[in-house]
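> What follows is a protein structure lacking sequence information:
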């Protein structure tokens, strides 16, 4: 094998107790991060996926199609038995826009918004979505 094996992430699946609790939050945040296309799906009791189903329990936010790379997406699967955990998802944004994102997050329901103690070397904003999922915006570029 030649070269690196890691090709970047394909998708992230997050479990949430209630889509209704988090969907308005992500409808505001994810398009600002470039995930502008939204699809619904349904997973039945046997674990079979159904697309564009009337009773959706999955919502996925996709990047726009790109001719030279596969599209990535973040999906949220409703799971009433899900328990919060300490996994953190980090998104990379333009460093100069971190203040703007902090204001957006406060407006749309981000909780426990904190800045990195090392803003010069690690400019980051830490927060939780309305369901308690830990997230981070890292300022680069």
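That came in fine, so what should we check first? Everything numeric in this text was worked out from a predicted model, so none of it was measured.
> What's the end-to-end length of stretch 34-49?
Using CA to CA, to the nearest Å, one end of stretch 34-49 lies 25 Å from the other.
> Can you tell me what sits against it?
By CB atoms under 8 Å, 6 or more residues apart in numbering, the residues outside stretch 34-49 that reach it are 27, 30, 50-64, 72-75, 77. For the C-beta atoms, the positions are set from N, CA and C on the backbone; glycine is no exception.
> Point out the ones among those residues that are inside helices.
Using DSSP state H, 27, 30 are the members of the contacts of stretch 34-49 that sit in helices.
> Quick check: closest non-adjacent residue to the spatially most central residue of the chain.
Central residue of the chain (CA atoms, centre = their mean): residue 74, 5.5 Å from the mean position. Nearest non-adjacent residue to residue 74, counting by CB to CB, 6 or more residues apart in numbering: residue 12, 4.8 Å away.
> In this protein, where is pLDDT below threshold?
1-7, 52-55 (pLDDT under 70).
> Can you show me the helices along it?
Taking DSSP H as the test, the helices found in the chain are 19-32, 98-108.
> Can you lay out the ones you listed as a markdown table showing mean neighbour count?
Below are these laid out as a markdown table (neighbours: other CB atoms under 10 Å):
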| stretch | mean neighbour count |
| --- | --- |
| helix 19-32 | 17 |
| helix 98-108 | 15 |
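> Can you tell me which of those helices is nearest to residue 138?
Of all these, it is helix 98-108 that lies closest to residue 138, at 8.8 Å by CB to CB.
> Tell me what the residue nearest to the centre of the chain is bridged to.
For residue 74, the beta-bridge partners are residue 12, residue 61 (DSSP bridges).
> Which positions in stretch 122-141 come out as buried?
Neighbour-count burial for stretch 122-141, counted by 16 or more other CB atoms under 10 Å, picks out 123-135, 137-139.
> end to end, how far does it reach?
With CA to CA as the measure, the ends of stretch 122-141 fall 12 Å from one another.
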